[in-house]
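Participant: sequence isn't available, so here's the structure alone:
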């Protein structure tokens, strides 16, 4: 369970998890009722929007800027990444011309030559929040 998020120090504090100390968390994602396997769980504010749509209190939410699906698909972006690993380090290249590297600290058996995967994940979370904020 997420205890707190410290955006300034790039830390997510979790509790009640089955992790080994100092191991990176690689799969942080939202709970999505339709995909995950807990049918009685709630989806928070997403569930409230669905209820409002069904009652007619809110016009059906259109995704991708409110356009029809065919139009939305014209503007949808696609990304690809390829990579190779050697020991604890991974080098990756994107189809947009960027290179990324990851490694783990020496105390975890790595060479500490690049950011840990979780650091890239946190950077992505912050970057997505910033990109969303400017729209």
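Facilitator: Received, thanks. Because the structure is predicted, anything quoted here is derived from the model rather than measured. Numbers count the residues shown, from 1 in each chain.
Participant: the bottom helix or strand of this protein by mean pLDDT?
Facilitator: helix 69-75 (a mean of 66; mean pLDDT, DSSP states H and E).
Participant: and the following helix or strand past that helix, which strands flank it?
Facilitator: Once the chain leaves helix 69-75, the next helix or strand it forms, by DSSP states H and E, is strand 81-86. Partners of strand 81-86 in the sheet, by DSSP bridges, are strand 89-94 (antiparallel).
Participant: just give me the longest helix of this protein.
Facilitator: helix 117-133 (DSSP state H).
Participant: for that one, buried residues please.
Facilitator: 117-118, 120-122 (16 or more other Cβ atoms under 10 Å). (Glycine included, C-beta is placed from N, CA and C.)
Participant: other SSEs contacting it?
Facilitator: Applying 3 or more Cβ pairs under 8 Å, 6 or more residues apart in numbering; DSSP states H and E, one finds that helix 117-133 contacts strand 99-102.
Participant: the strand it packs on pairs with which strands, and in what direction?
Facilitator: Going by DSSP bridges, the partners of strand 99-102 are strand 89-94 (antiparallel).
Participant: which residues are contacting the partner strand?
Facilitator: 79-85, 99-103, 110-111, 113-114 (Cβ atoms under 8 Å, 6 or more residues apart in numbering).
Participant: one step back: now the longest helix of the chain against strand 89-94, angle please.
Facilitator: Angle between the axes of helix 117-133 and strand 89-94 is 30 degrees (criterion: axes from the mean of the first three to the mean of the last three Cα atoms, to 10 degrees).
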